[in-house]
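Participant: My questions are about this predicted structure, shown below with the sequence.
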Amino acid sequence: MDYIKQPMEIENKSMEIIAPYLADLNLNDEETKVYSRIIHAAGDVEYAPIIKLHSEAISAGKKAIQSGCNIYTDVEMVRTGINKRKLATFGGEVFCRVAEPEIIALANEKGITRSMAAMQSFGKDLNGAIVAVGNAPTALYEVLRMMREEEIRPALIVGIPVGFVGAADSKEALATNKLVPYVTVEGTKGGSPIAASVINAIMYIIDNNRV
């Protein structure tokens, strides 16, 4: 059986297949790269019309990453999917605390989800950072609350939780916020690989050399 074996050739062919589905969206080159990465990670061209990209999202993400910002995630799967070696070349790290005993205890004490407790624990460290949520709507709601009530200001929120309970509503709340640039999708679609793909796309826009 004859099939493509080289990783970059596979990726390039994938992008060629995706391109026609973006043709009518009037995207610039950088937006096209982010959309393409999302669709590539999902294996689903139906994402094309439901991606919501704030007009300043890519520029804010690039600026933050180039300044050495850290990234804070709701679950380990998002942290795992982000190219940490690439991020380290800019001076940043990725943090996820959802499985730490201290966070589990805090969640039990307050009667909240562990991802909410983790976001609370990050506190002011979220200022100027990137928040990436791929699983827990409650984590996204908590960051939005912290923005409103505690004046926390991430540089960018990539909020793409997946599921049928709270996911669509939390993403709609993110897309209507006026405080912080965002990347999200409408409805129930999403997930950790999708959130991670956005971060990786922005890093590759800055520097396409793979690490």
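Facilitator: Now that the structure is in, tell me what you want to look at.

Participant: Let me see the ranges of the strands in the protein.
Facilitator: 51-53, 71-73, 94-95, 130-133, 156-159, 182-185 (DSSP state E).

Participant: What helices and strands are in contact with the one helix or strand in the chain whose mean pLDDT sits lowest?
Facilitator: Using mean pLDDT, DSSP states H and E, helix 7-18 stands out as the lowest-scoring helix or strand of the chain, at a mean of 82. Judged by 3 or more C-beta pairs under 8 Å, 6 or more residues apart in numbering; DSSP states H and E, helix 7-18 is in contact with helix 29-42. (C-beta placed from N, C-alpha, C; glycine too.)

Participant: Any chance you could list what contacts the helix it packs on?
Facilitator: 11, 14-15, 18-19, 21-22, 25, 27, 45, 47-48, 51, 53, 58, 183, 185, 189, 191, 193-194, 196-198, 200-202, 204-205 (C-beta atoms under 8 Å, 6 or more residues apart in numbering).

Participant: again, 6 Å this time
Facilitator: 14-15, 18, 22, 45, 47, 51, 58, 193-194, 197, 201, 205 (C-beta atoms under 6 Å, 6 or more residues apart in numbering).

Participant: With stretch 122-141 instead?
Facilitator: By C-beta under 6 Å, 6+ apart, the surrounding residues in contact with stretch 122-141 are 64, 69-75, 78, 113, 115-116, 119, 143, 152-161, 166-167, 170, 191-192, 195, 199.

Participant: which regions of the chain sit below the pLDDT cut-off?
Facilitator: Filtered on pLDDT under 70, the chain yields the residue ranges 1-7, 210-211.

Participant: If we ignore the residues flanking it in sequence, what's nearest residue 113?
Facilitator: Excluding the flanking residues, the one nearest residue 113 by C-beta to C-beta, 6 or more residues apart in numbering is residue 138, at 4.4 Å.

Participant: do residue 164 as well
Facilitator: That would be residue 188: by C-beta to C-beta, 6+ apart, it lies 5.6 Å from residue 164.

Participant: give the contact list for that neighbour.
Facilitator: Taking C-beta under 6 Å, 6+ apart, we find residue 188 in contact with 164, 167-168.
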